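Model the following, please.
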Amino acid sequence: MLVDIFVPFWGDPGLLYETVESVRSQTDPRWRLTVIDDAYPDDSVPAYFAALEDPRVTYLRHEANQGLIAGFQESIDRATLPLVVVLGCDDILHPNYVALIARTFGAHPSVGIIQPGVRVIDEAGEPSRALVDLVKQRVLAPRAADGPVVLEGEHLATSLIRGDWLYWPSLALRTDLVQGTRFREDLPIILDLALLMDLAFSGASLLYTPETAFSYRRHRASASQRSLLDGRRFDDERRYYGEVRARAREMGWRTTANAAGLRLFSRLHAIAELPRVVRHGTRNGVAAVARHILAP
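Okay, here's the model as predicted:
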């Protein structure tokens, strides 16, 4: 066994079942799946897993809702196999996912993070062409036409803080590295970026392979999207970028510090979102976007 796959669940049961079936359809059998039900109020969910009768799949249910951050951390803490994946409860593994991760890890066993190629879909499973994904995949992601690209240390930290081009649910992480890092409870919207930056600061490396093996579902009404309208996301981002700038300066990573201070793509994101926040957001949301664009 190689890959521990965890699915913290709170959401649409139908989409969850699609996610589970995508895991069970892997061509490489070196995986096990654990679903962590965060007390979702639907008796059909435990009934589905009771009828599944698949020894590769474990279903756990909380007695009371604990929230997303707790689910993420529990997933990491429970992992015992060499690699761990914290999969979204509505995302889809392509049949080649585990095979690709296994082949990549076998060739690069010291790598701490593996990012496969990702296809972005909408709520209905159709291809999504959101601006944020076009920027992630065509501007921010490293060019990998000739095969996998490895980033580490300051190069990785600079790449991520310039603009987070990764898709967290698709990542396979080395369990022994990630279990030494905790999720930031004070950064609920960008907790994945904060954890990955901690790994980069500790010297971890990331391998990006362009071979597509994952479908990431982007929702217009997600918590991340709501946080744009009420201002939380950009306030958290600005505060966190300041932390990264100070930490990078202490380490002598000038390129990372400069990228964090400029936060160019984060500002451009705020500019792109400003009209929508003005139309549909709160007064605090508009003020937060303006601060993020203009503040040094």
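
Helix, strand, or coil at the residue of the chain positioned farthest from its centre?
Each residue of the chain has a distance to the centre, and by CA atoms, centre = their mean the biggest one is for residue 51: 30.3 Å. With DSSP: H, G, I helix; E, B strand; the rest coil as the basis, the three-state label of residue 51 is helix.

how near is it to residue 44?
Using CB to CB, to the nearest Å, we find residue 51 at a distance of 10 Å from residue 44. Any C-beta I mention is one placed from the backbone N, CA and C, and that applies to glycine too.

just to revisit the earlier point, from residue 24, how far out is the residue farthest from the centre of the chain?
Distance of residue 51 to residue 24, computed by CB to CB: 14 Å.

Please, where are all the helices along this protein?
Remark: helices assigned in the chain by DSSP state H are 13-24, 44-52, 68-78, 97-107, 131-135, 153-162, 175-178, 191-201, 223-230, 232-251, 254-262, 264-280, 283-294.

okay, those in JSON lines with mean pLDDT and distance to residue 91 next?
Output for the helices of the chain, formatted as JSON lines (pLDDT from 0 to 100; distance: least, CB to CB, whole Å):
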{"stretch": "helix 13-24", "mean pLDDT": "98", "distance to residue 91": "6"}
{"stretch": "helix 44-52", "mean pLDDT": "96", "distance to residue 91": "17"}
{"stretch": "helix 68-78", "mean pLDDT": "97", "distance to residue 91": "14"}
{"stretch": "helix 97-107", "mean pLDDT": "98", "distance to residue 91": "10"}
{"stretch": "helix 131-135", "mean pLDDT": "92", "distance to residue 91": "14"}
{"stretch": "helix 153-162", "mean pLDDT": "97", "distance to residue 91": "20"}
{"stretch": "helix 175-178", "mean pLDDT": "97", "distance to residue 91": "19"}
{"stretch": "helix 191-201", "mean pLDDT": "97", "distance to residue 91": "13"}
{"stretch": "helix 223-230", "mean pLDDT": "64", "distance to residue 91": "14"}
{"stretch": "helix 232-251", "mean pLDDT": "94", "distance to residue 91": "21"}
{"stretch": "helix 254-262", "mean pLDDT": "97", "distance to residue 91": "28"}
{"stretch": "helix 264-280", "mean pLDDT": "88", "distance to residue 91": "22"}
{"stretch": "helix 283-294", "mean pLDDT": "86", "distance to residue 91": "27"}
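
Any idea which of these gets closest to residue 1?
Closest approach to residue 1 among those is made by helix 97-107 (10.4 Å; CB to CB).

And residue 158, how far from residue 140?
Going from residue 158 to residue 140 by CB to CB gives 11 Å.

Could you do residue 5 as well?
Separation of residue 5 from residue 140 (CB to CB): 26 Å.

between those two, who's got more neighbours?
Relative neighbour count places residue 5 above the other of residue 5 and residue 140, with 27 against 15, counting by other CB atoms under 10 Å.
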